[in-house]
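A.B. asks: sequence and predicted structure are below.
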Amino acid sequence: MKKILTVFMVSLALMFSGVYVNADEKNDEPKKKTEAKEKKKKKDKKEKREKKDKKEDKEKKKEKKDKKEKKEKKDKDKESKNKKKSKRDDDKEVKKEKKKKHEEVAKDKEDKVIGKDEKGRTIYEGPRGGHYYINANGNKEYIDRGKELK
C-alpha cells in the first residue's frame, strides 16, 4: 500500500507540476503574440510613414517642376513680347528711314512741299508743275490734280 500511495503522490506531484508549467507556457504565449502584433504594428506604421514621405516628396518634386515650367513659359512669353516689341520698333525705324529717304529724294530735286493728302502722304510739286508723292519703294507716284489735297 505504501508503494501505491507513493506512486499516487508522485503522479499527483507530476500532474500539479505539469499544470503549473502549462500555465506558465500559456501566459507566455499571449505575451509573445502581443509582442509580435506590436512589432507588426510598428512595422506597418513605419511603412505607412515611408509611403507618405515618398508621396510628399513626389508632390514637392511635381510642384517644383510645375513652377519651373511656369517660369520657363513666362520667360518665353517675355521673349516673344520683346521680339514683337523689337519688331515693332524695327518697323517704326524702317518707316522713319523710308520717310527720311523720301524727303531726301524730294530735297535732291529741290521740289516744293504742297501739303498732304487724305492718307497722310506728303505731296510735292515737280519741276514741270506736276504733283507727286514718294511711295514705299522710294519712287515718285504722280497723282491727278483733282484728287491730291485734303
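C.D. replies: Received the coordinates, thanks. A quick note: this is a predicted structure, and the numbers were derived from the prediction, not measured. Numbering: from 1, shown residues only.
A.B. asks: what about the helices in this structure?
C.D. replies: 2-109 (DSSP state H).
A.B. asks: helices and strands of it: which one has the lowest mean pLDDT?
C.D. replies: Lowest on mean pLDDT, DSSP states H and E among the helices and strands of the chain sits helix 2-109, with a mean of 78.
A.B. asks: mind checking how far it is from the chain centre?
C.D. replies: Distance, stretch centre to chain centre, for helix 2-109: 20 Å (CA atoms, centre = their mean, to the nearest Å).
A.B. asks: that helix packs against which elements?
C.D. replies: Judged by 3 or more CB pairs under 8 Å, 6 or more residues apart in numbering; DSSP states H and E, helix 2-109 is in contact with strand 122-125, strand 131-134. For every residue, glycine as well, the C-beta is placed using N, CA and C.
A.B. asks: walk me through the domains of the protein.
C.D. replies: Domain segmentation of the chain under automatic domain parsing yields 37-110, 111-150.
A.B. asks: I'd like to know which of these is closest to Lys2.
C.D. replies: Checking the domains of the chain against Lys2 by CB to CB gives domain 37-110 as the closest, at 52.6 Å.
A.B. asks: nearest residue to Asp111 other than its sequence neighbours?
C.D. replies: Closest residue in space to Asp111, ignoring its immediate chain neighbours: Tyr124 at 4.3 Å, by CB to CB, 6 or more residues apart in numbering.
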